[in-house]
Structures are given as C-alpha cells and as structure tokens.
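Asker: please find the sequence and the predicted model below.
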Amino acid sequence: MTWSFLIGRIAGTELRIHATFFLLIAWIAASAYVEGGTAAALASVGFVAALFACVVAHEFGHILMARRFGIRTPDITLLPIGGLARMDHLPERPAQEVAVALAGPAVNVAIWAAIMLGLGPEDPLARAAALQDPAGGFWARLAGVNLFLALFNLVPAFPMDGGRVLRALLATGLGRVRATRLAARIGQAIAFLFGIAGLMGGGPVLILIAVFVFLAAGAESADVEMRALAQDRRARDAMIRDFRTLAPDHALSVAADAVIRTTQHEFPVVAADGTLAGFLTREALIEALAGRTAPARVREAMAAPIPTLAPGAPLLEVIGALQATRAPAVGIVEGGRLCGYVTVENLGEMVMLSARPTPD
Ligand SMILES: [Zn+2]
C-alpha cells in the first residue's frame, strides 16, 4: 500500500503504518491539548499507543491462525480505522475462513478478559464512571475498547470479520462466487447505514469506515468473480492482440502522437529484435512531458521490467503477476516475441462481458 511506512517486523510479517494514522494521532493529541493541556495530550497519545498494540494483536490473531492453514502474510498496514493484513491467498474452505476471521476478535476478547481479571471485582457503576473520566481509568477504558473492537468487527459487513464469517456460511450453500456477491451487497448496505450514522453525529471515523467497507466489499467481490472466471482459462483467452507498439528510441512526441491517434492507454515498447523492453503508460507519458527536464526518449519514461508469460500460461498466473508486481501489464511472449498483453482493465472487461445471471 502506498503512503505507508515500515516500522518493524514481527514473526516474519512486516508492520507498516499508513501516513493517515499519524494524522489521527496528531488530531487526538491536539484535541486533548486544547481541552486539558500537555498532560492530557500525553495521556491520550499513550492510550492510543496501547490501543494500537491491541489492534496489532488482533491482526496477529488472524495471521497466526492463517499460518496454521499454510497461508503467509507478507505485511500488515495500520490505518486509522484498524489493521489490514495482506495474505498471499485467502482460505478457500469455509471452516478455515471462519477460524481465521474469528481469531482476530477472539484476541480482543482475551485482552478484555485478562484486564477484567487484573482489575478484580469492582462496583460496575464506579467502573462506568471511570470510563467517562479521560484522566483516570486507563485499564478500564482499554478493556472497554477491546470489547468494542471485538463486537464491532463481528458486524456482518463484508469484508469485516463478521462479514467473512457470513460469506463462509453462505458459501456452504451457494458456492464461493455467489456467496461473496451476496455478502458484499449486505456489507455495502450496512456500510451505507454506517455512513448515515456517521453523518448524524457518529463521527468522522465511522464515515471513513463506511467508505472503506463499501469500496473494499465491491473490490473483493470483483476479485473473487474474476478469479472464478479465470479458473479454466489461459493467458491467450484474455490477451489484447491488436495494439500499436513503440520503440525504445522513439522520441516522446511519437508516443504522444500514438496516444492521440489510438484508444490505447498503454504501449508495449519493443526492441529491434522483437523482445519486450517495457511499457509506456499514458499517465507516465503525461508526467514525463510535464516534468521540468522532460526525457527525450521512450526508454527513459517507460516502466520496466515487465513480467512476461507464455500464451498457454493459466490466466490465474497472469492475475497473480499483475497483482504482485503492480506492473501496467503482463506481456504474453512466444518464441521471444511479444504476441499480446493483459491489463487489469481488459480483465475487468472480460468479467463484465461474461457477467450473466447464474442459473440455479
Ligand atoms: Zn479482524
């Protein structure tokens, strides 16, 4: 994820913080300072740091459970709305997905229970009063927040944890693709309610979560659909065959001309011997032309290296290469020569064109 910073590594997983997380801490510190001065600001930041540790522990609940099923997690990113663990693949079997989804909230329940045991029996009314007091009741507040995290994540709004459980339950009857589509629709409907609640006084974080859940539900549903469609297909079934190419030594003006005269958004850059040297995207060209020291040649503005596969390679492998490298395209090469390429856009078109009601 762009705009995130590596802060360390735990059990083989990179821990990253998104830039917006610092904004959240700055906002919390500033509002506490305005209300109660430096001491209040420090106490608030300390509480956020403890909360942050609990969110990381929640994510490691998912990660360690996923590892039991052979799923690796290259990194987790902390956003103001929680953690996001990137897994190299998702559990396919419903029972495994339920176990991985529940492991996160289970960690928060465990933290809540441990703190409650540590605090000992206490008048619940006194504890409720401590929750309202920003200066005191650190542990009571932390326990309360952990219980909230566990319950909130169990809301069945896919792709939140509760939504993943719902998808897994639906998948046992409907199959994975239809279950995901239905879970994503339910997730988006709940996100819509979150958004309304946020606008009616629930606060900006709830609105952020609503937007995130809405977009992520749509994106993951589309991804599952694309993968299901790609299951039995080859690279050649999806590749673009009619295209214009550029040469590495072409002037950028030639590339600009090609952008205007064709509908292509990206151009394979092919060397004299027919091998693929790179890809020049419309965005990279515009950026290069706008720069103060504009490069003169295509080779200086193109993206390289570009992953390549054979026409007979499974389409799932092409999708994997596109997602892992974030390259503008995957080149399809036969006998050393470029015969086609696949982009995220043309995979999307493939999904849309084959989208038809599934027969019952
Ligand atoms: Zn979770």
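Answerer: Now that the structure is in, tell me what you want to look at.
Asker: what parts of the stretch 1-150 of the chain come near the ion?
Answerer: Selection of the stretch 1-150 of the chain residues close to the ion by CB under 5 Å from the ion yields residue 104. (C-beta placed from N, C-alpha, C; glycine too.)
Asker: per-residue confidence for the residue in the chain that the ion sits nearest to?
Answerer: Nearest residue of the chain to the ion: residue 104, at 3.2 Å (CB to the ion). If you check residue 104, the pLDDT there is 92.
Asker: now the helix or strand containing it, how far from the chain's geometric center?
Answerer: For residue 104, the host element (DSSP states H and E) is helix 94-119. Offset of helix 94-119 from its chain centre (CA atoms, centre = their mean, to the nearest Å): 23 Å.
Asker: can you check stretch 17-24 too?
Answerer: The answer for stretch 17-24 is 16 Å, by CA atoms, centre = their mean.
Asker: ditto for stretch 258-276
Answerer: 31 Å.
Asker: who's in contact with stretch 90-97?
Answerer: 66, 69, 71, 99-100, 164-165, 167-169, 171-172, 176 (CB atoms under 8 Å, 6 or more residues apart in numbering).
Asker: write a ChimeraX command that selects only the buried members of those.
Answerer: Buried residues among the contacts of stretch 90-97 (16 or more other CB atoms under 10 Å), as a ChimeraX selection:
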select :66,71,99,100,164,165,167,168,169,171,176
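Asker: you'd agree residue 206 is up against residue 197?
Answerer: Yes. Contact criterion CB atoms under 8 Å: residue 206 and residue 197 qualify, at 5.9 Å.
Asker: neighbour-wise, which of these two wins?
Answerer: Remark: of residue 206 and residue 197, residue 206 carries more neighbours, 18 against 14, as counted by other CB atoms under 10 Å.
Asker: can I get the CA coordinates of the helix or strand containing residue 346 in CSV?
Answerer: When elements are assigned from DSSP H and E, residue 346 belongs to helix 344-354. The C-alpha trace of helix 344-354 is given here as CSV (Å, rounded to 0.1, in the frame of the first residue of the first chain):
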residue,chain,number,x,y,z
VAL,A,344,-6.3,-5.0,-15.2
GLU,A,345,-8.7,-3.1,-17.4
ASN,A,346,-9.1,-5.8,-20.0
LEU,A,347,-9.6,-8.4,-17.3
GLY,A,348,-12.3,-6.2,-15.9
GLU,A,349,-13.9,-6.1,-19.4
MET,A,350,-13.8,-9.9,-19.5
VAL,A,351,-15.7,-10.1,-16.2
MET,A,352,-18.3,-7.6,-17.3
LEU,A,353,-18.9,-9.3,-20.7
SER,A,354,-19.4,-12.7,-19.1
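Asker: and residue 219, that one's in a strand?
Answerer: No. Counting by DSSP: H, G, I helix; E, B strand; the rest coil, residue 219 falls outside a strand, being helix.
Asker: that one: how many residues sit nearby?
Answerer: Residue 219: 12 neighbours (other CB under 10 Å).
Asker: which ones are touching it?
Answerer: Contacts of residue 219 by CB under 8 Å, 6+ apart: none found.
Asker: hang on, the residue of the chain closest to the ion packs against residue 161?
Answerer: Yes. Between residue 104 and residue 161 there is a contact at 5.5 Å, judged by CB under 8 Å.
Asker: any residues in contact with both of those two?
Answerer: By CB under 8 Å, 6+ apart, the residues touching both residue 104 and residue 161 are 62, 153.
Asker: name the helix or strand for the nearest residue in space to residue 301 that is not next to it in sequence, please.
Answerer: Of all residues not flanking residue 301 in the chain, residue 288 sits nearest, at 3.9 Å (CB to CB, 6 or more residues apart in numbering). Here residue 288 sits within helix 282-290, counting by DSSP H and E.
Asker: and the longest helix along the chain, how far from the chain's centre?
Answerer: With secondary structure taken from DSSP state H, the chain has its longest helix at helix 19-68. With CA atoms, centre = their mean as the basis, helix 19-68 stands 20 Å off its chain's centre.
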